[in-house]
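In: take this sequence and fold it.
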Amino acid sequence: MKKYIFYTFALFALMACLMACNDNNNPTPSTPAVVGTWKPGSVLLNNAGGNLASTGQPYANFQLVIEATNEDNGTYSVTGMPLPFPASFSGNWSKAGNNYTLTGAPNGITSLNNLNVANNVATFVMVQNHPKVSVTLHFTLNKQ
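Out: The predicted structure is shown next:
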């Protein structure tokens with residue numbers, strides 16, 4: 001009888017140790033939906049007119065790559081930007097609500113406003129203020 005009690009106690013102790021070693025106690029944080037490589041589906045000037053991202057248009061080769069340190073900040077790189085801006089640039093971003101502030105962007109581009117991501121599609125507004133041009137562009141980007 002004493003053996004039975006000892007083995008039962010040993011079995012419960014072993015089960016308790018194994019359950020304490022479960023690695024579900026520290027779940028890995030999820031990757032923010034904004035992270036990834038994005039290419040345009042459409043870019044509209046003042047949310048009207050022809051698609052500036054179609055073949056042969058200024059934003060046809062535009063690409064935005066976003067990486068994140070956490071939900072509120074990270075790094076980005078842009079390629080395929082048309083003149084008068086540099087063709088490529090990169091820097092850091094920080095988030096406040098749906099607005100993303102960019103550092104490292106050329107003068108005249110300071111933020112991505114009202115950025116929303118759903119079903120691998122990102123939409124945002126970029127205001128470009130430059131001595132030669134001042135425009136509001138409405139982007140719809142597809143995750144690659």
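In: drop to CA atoms for contacts and neighbour counts, all remaining ones
Out: OK.
In: after the lowest-mean-pLDDT helix or strand in the chain, heading C-terminal, what element do we hit next?
Out: Within the chain, no helix or strand scores below helix 2-20, which has a mean of 56 by mean pLDDT, DSSP states H and E. As assigned by DSSP states H and E, the chain's next helix or strand after helix 2-20 is strand 36-45.
In: for that next one, packing partners?
Out: Under the contact definition 3 or more CA pairs under 8 Å, 6 or more residues apart in numbering; DSSP states H and E, strand 36-45 sits against strand 63-70, strand 133-143.
In: pull out the buried residues from the shortest one.
Out: Which is strand 63-70. Going by neighbour count (16 or more other CA atoms under 10 Å), the buried part of strand 63-70 is 63, 64, 65, 66, 67, 68.
In: pLDDT and distance to residue 41 for those - can I get that in CSV?
Out: Shown next, in CSV, are the buried residues of strand 63-70 (pLDDT from 0 to 100; distance: CA to CA, whole Å):
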residue, pLDDT, distance to residue 41
63, 95, 11
64, 94, 12
65, 95, 15
66, 93, 17
67, 95, 20
68, 93, 23
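In: closest to residue 95 among these?
Out: Checking the buried residues of strand 63-70 against residue 95 by CA to CA gives residue 68 as the nearest, at 10.7 Å.
In: with adjacent residues omitted, what lies nearest to residue 110?
Out: Closest residue in space to residue 110, ignoring its immediate chain neighbours: residue 102 at 5.4 Å, by CA to CA, 6 or more residues apart in numbering.
In: and the gap between that neighbour and residue 49?
Out: 27 Å (CA to CA, to the nearest Å).
In: more crowded one of these two?
Out: Neighbours per residue, other CA atoms under 10 Å: of residue 102 and residue 49, the larger number sits with residue 102, 21 against 9.
In: which residues touch the helix or strand hosting the more buried one?
Out: Residue 102 is part of strand 99-103 when elements are defined by DSSP H and E. Outside of strand 99-103, the residues within contact range by CA atoms under 8 Å, 6 or more residues apart in numbering are 91, 92, 93, 94, 95, 109, 110, 111, 112, 113, 114, 115.
In: let's go with 7 Å and repeat that
Out: Applying CA atoms under 7 Å, 6 or more residues apart in numbering, the contact partners of strand 99-103 are 91, 92, 93, 94, 95, 110, 111, 112, 113, 114, 115.
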